[in-house]
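>>> this is a predicted model, with the sequence first.
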Amino acid sequence: MNRRTFIHSTSALLGSLAAAVSTSSFAAWRQGMALPDLSAFGLEGTLPKLKGKVVYLDFWASWCAPCKASFPVLNGWQQQLAGKGFTVLAVSVDETAQAMQGFLKKNSVSFPVVRDAEHKLVAAADVSTMPSSFLIDRKGGVRLAHTGFHAKDAAPLEAQIKSLLAES
């Protein structure tokens, strides 16, 4: 095996291992688990009442380009579906409140935003990718864990949200 082949094979192996680790280790919160009491994590800001609502819990950061792209979509869902028992709850993992506030000044939102200053919630959820989100049903159960955000993600996610809203 020559040096170029060895380097290519090693890179491919490391890439595969990284993908396997990131896929298998994403989110300690799995489908069917109950969402923990968010008030126990010392979040900065006011938590909305979540009981009986379908919740799109979104972990984000001001430095994250896909997060910025997702906010108009999340805002649209909030405006369109809030009256049906839905809310987006955005959890900033920014190191400073100033970074979060600067982002929010440029990206106005109609949904509640809190900050996980001590990263207790992000650690409990085992989130390592921004954005990462969880779709929570009306009974407080995790129904979906999702990483990243691309425009193509919006329609399938919205369909899942509407399906949960239709459940009694």
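That came in fine, so what should we check first?
>>> for the chain, which segments count as strands?
For the chain, the strands defined by DSSP state E occupy 54-60, 86-92, 113-115, 132-136, 142-147.
>>> mean pLDDT for these - can I get that in JSON lines?
Formatted as JSON lines, these follow (pLDDT from 0 to 100):
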{"stretch": "strand 54-60", "mean pLDDT": "98"}
{"stretch": "strand 86-92", "mean pLDDT": "98"}
{"stretch": "strand 113-115", "mean pLDDT": "98"}
{"stretch": "strand 132-136", "mean pLDDT": "97"}
{"stretch": "strand 142-147", "mean pLDDT": "95"}
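>>> go through these and name the closest to Pro48.
Nearest to Pro48 among these is strand 86-92; the distance by C-beta to C-beta comes to 5.9 Å. (Each C-beta comes from the backbone N, C-alpha and C, glycine too.)
>>> parallel or antiparallel, list what pairs with the closest one.
Strand pairing for strand 86-92, using DSSP bridges, gives strand 54-60 (parallel), strand 113-115 (parallel).
>>> pull the contacting residues for the residue nearest to the spatial centre of the chain.
A centroid search over the chain (C-alpha atoms, centre = their mean) returns Ser133, at 2.2 Å, as the residue closest to the centre. With contacts defined as C-beta atoms under 8 Å, 6 or more residues apart in numbering, Ser133 is in contact with 56-59, 145-147, 149.
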